[in-house]
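Engineer: My questions concern the predicted model and sequence given below.
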Amino acid sequence: MKADLADLNAFLAVAQARGFRDAARAIGSSASTLSEAVRRLEARLGVRLLHRTTRSVVPTEAGTRLIERLAPALGEVEAALDVVNLFRDRPAGTLKLNVPVSAARLVLPAILPGFLAAYPDIQVEIVAEDGFVDMVASGCDAGIRYDERLEQDMIAVPIGPRVQRFATAAAPAYLDARGRPDHPRDLLDHACLRGRFRSGALTSPWEFERDGEIVRIEPQGPLIAGVAGAVELLVDVAVAGGGIIHLFEDWLAPALGSGALEPVLPDWWQSFSGPFLYYSGRRLVPPPLRAFLDFIRG
């Protein structure tokens, strides 16, 4: 029983996008073409692969099992085809990276413009997530993570700043009205602005460190916003005097530099090691990824 490679790609795109229209936009096709490809594949296999409703498209159990094997396999096919690029004067193809939202904001802007200028035949696709995903199963060539989130059997290469800090800050008007904390535990009496991952977990506890002492607190406050797309809302509310924010120092740097935000407990700001680019050590490294590795190492 044979299945057309294009139909398999269509099914995977729809399953990952959770919809025909979103998948069509992502791969430059049409919803009707993808729908017909999935129907053709289901007819050929004799099993339903997707549950379709007016609001969503989700894989059946059979579809889920197929995705688990199909995504890495199609990645290997793409990598094998990319070997042809070794015979070109310049690497070409697509480099797909899975990265946390913080890396998309704070790490990649300093790297991608130069890389794209150096390799005009490479197209980069960034998938920004607020949670941990299987990089290989998601069809990505590589990902960016911090050391405590790296998967086993992965090769890790440093990327971006090697030391970062979490900063705590608030608008001067807020601190004038509510008082300036002297110790991390004082934050328990303040309005704290928090984030929530798509998994449902909050970006807490907030952790502080000074002279070897580590203090963790579970802050409370009037606003919780999704990490994936509403971090700027938290910053804007903090600037407007709505509460205290705890975020990457580099993210808050413009507001701190302008005076819109005032540092809170700066002696307690905790440092942590910078992120890593990681990729599978069991797969052939495609030329676009090899070029990116050479670029960030250079």
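Structural biologist: Great, that's in hand. Residues are numbered from 1 along each chain as shown.

Engineer: List phi and psi for Phe197.
Structural biologist: The main-chain torsion angles of Phe197 are listed as degrees, to the nearest 10 and equal phi -80, psi 160.

Engineer: which residues sit in contact with it?
Structural biologist: Applying C-beta atoms under 8 Å, 6 or more residues apart in numbering, we find Phe197 in contact with 130-131, 203, 226-228. Just so you know, the C-beta spots here come from the backbone N, C-alpha and C atoms, and that holds for glycine as well.

Engineer: where's the dip in pLDDT among those residues?
Structural biologist: Among the contacts of Phe197, Gly131 carries the weakest pLDDT, at 67.

Engineer: Now tabulate the contacts of Phe197 in a markdown table and tack on neighbour count, distance to Ser102 and secondary structure.
Structural biologist: Compiled in a markdown table, the contacts of Phe197 are given as follows (neighbours: other C-beta atoms under 10 Å; distance: C-beta to C-beta, whole Å; DSSP: H, G, I helix; E, B strand; the rest coil):
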| residue | neighbour count | distance to Ser102 | secondary structure |
| --- | --- | --- | --- |
| Asp130 | 19 | 9 | coil |
| Gly131 | 14 | 12 | coil |
| Thr203 | 20 | 11 | coil |
| Gly226 | 15 | 14 | strand |
| Val227 | 22 | 9 | coil |
| Ala228 | 16 | 11 | coil |
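
Engineer: Tabulate those (CSV), appending distance to Phe292.
Structural biologist: What follows is the contacts of Phe197, written out as CSV (distance: C-beta to C-beta, whole Å):
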residue, distance to Phe292
Asp130, 23
Gly131, 23
Thr203, 29
Gly226, 29
Val227, 25
Ala228, 24
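
Engineer: Ile27: which of those residues is nearest?
Structural biologist: Nearest to Ile27, judged by C-beta to C-beta, of these is Ala228 at 21.9 Å.

Engineer: which residue sits closest to the closest one in space, ignoring its chain neighbours?
Structural biologist: The spatially closest residue to Ala228, leaving aside those adjacent along the chain, is Asp130, at 3.9 Å (C-beta to C-beta, 6 or more residues apart in numbering).

Engineer: what about Leu193, how many residues close to it?
Structural biologist: A total of 24 residues lie near Leu193 under the criterion other C-beta atoms under 10 Å.

Engineer: Pull the residues that contact the strand or helix carrying it.
Structural biologist: Assessed by DSSP states H and E, Leu193 sits inside strand 192-196. The set of residues external to strand 192-196 that reach it, using C-beta under 8 Å, 6+ apart, is 202-204, 206, 219-227, 230-231, 234, 237-238, 242-246.

Engineer: Buried subset of the residues you listed as a ChimeraX selection?
Structural biologist: To isolate the buried ones among those in ChimeraX, judged by 16 or more other C-beta atoms under 10 Å, type:
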select :203,204,206,219,221,223,225,227,230,231,234,237,238,242,243,244,245,246
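
Engineer: Since that was my last question, I'll sign off now.
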